[in-house]
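Chemist: Give me the fold of what follows.
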Amino acid sequence: MIRRLDEIREILEQRGEYGCFTQKYKRFQADVKKNRTIHGTETMEYLHFVRVQK
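Modeler: Numbering: from 1, shown residues only. All right, here's what the predicted structure looks like:
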């Protein structure tokens with residue numbers, strides 16, 4: 001199941017202080033250009049974290 005960023009935030013905020021780091025990377029392209037189905041040149045990585053409140 002793929003969730004939107006706002007859904008992930010809403011779920012994690014129930015446990016504490018939410019934060020998210022992002023990092024953009026150049027997409028690794030191992031496929032042959034003529035058969036390429038993904039045309040993007042970059043991909044985004046998301047790291048979600050929660051500081052749990054006691």
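Chemist: quick one: contacts for the spatially most central residue of the chain?
Modeler: Nearest to the mean C-alpha position of the chain, by Cα atoms, centre = their mean, lies Tyr46 at 3.4 Å. For Tyr46, the contact set (Cβ atoms under 8 Å, 6 or more residues apart in numbering) comprises 5, 20-22. C-beta here means a position set from N, CA and C on the backbone, and glycine is covered the same way.
Chemist: just the buried members of those?
Modeler: With neighbours counted by 16 or more other Cβ atoms under 10 Å, the contacts of Tyr46 contain no buried members.
Chemist: Between all of these, which two are separated the most?
Modeler: Leu5 and Phe21 (12.4 Å; Cβ to Cβ).
Chemist: so what strands line up beside the helix or strand the residue nearest to the centre of the chain falls within?
Modeler: Assigned by DSSP states H and E, Tyr46 falls within strand 42-52. Applying DSSP bridges to the sheet, strand 42-52 is found paired with strand 16-26 (antiparallel).
Chemist: what's across from Gln23 in the sheet?
Modeler: With DSSP bridges as the criterion, Gln23 is bridged to Glu45.
Chemist: Quick one: residues contacting it.
Modeler: Gln23 neighbours (Cβ under 8 Å, 6+ apart): 44-45, 47.
Chemist: and these as JSON lines, adding pLDDT, distance to Phe28 and neighbour count?
Modeler: Shown next, in JSON lines, are the contacts of Gln23 (pLDDT from 0 to 100; distance: Cβ to Cβ, whole Å; neighbours: other Cβ atoms under 10 Å):
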{"residue": "Met44", "pLDDT": "92", "distance to Phe28": "14", "neighbour count": "9"}
{"residue": "Glu45", "pLDDT": "95", "distance to Phe28": "13", "neighbour count": "9"}
{"residue": "Leu47", "pLDDT": "97", "distance to Phe28": "19", "neighbour count": "9"}
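Chemist: Export those residues as JSON lines, with columns for distance to Ala30.
Modeler: Putting these into JSON lines (distance: Cβ to Cβ, whole Å) gives the following:
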{"residue": "Met44", "distance to Ala30": "19"}
{"residue": "Glu45", "distance to Ala30": "18"}
{"residue": "Leu47", "distance to Ala30": "24"}
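Chemist: now, which of those residues sits nearest Arg9?
Modeler: Leu47 (13.1 Å).
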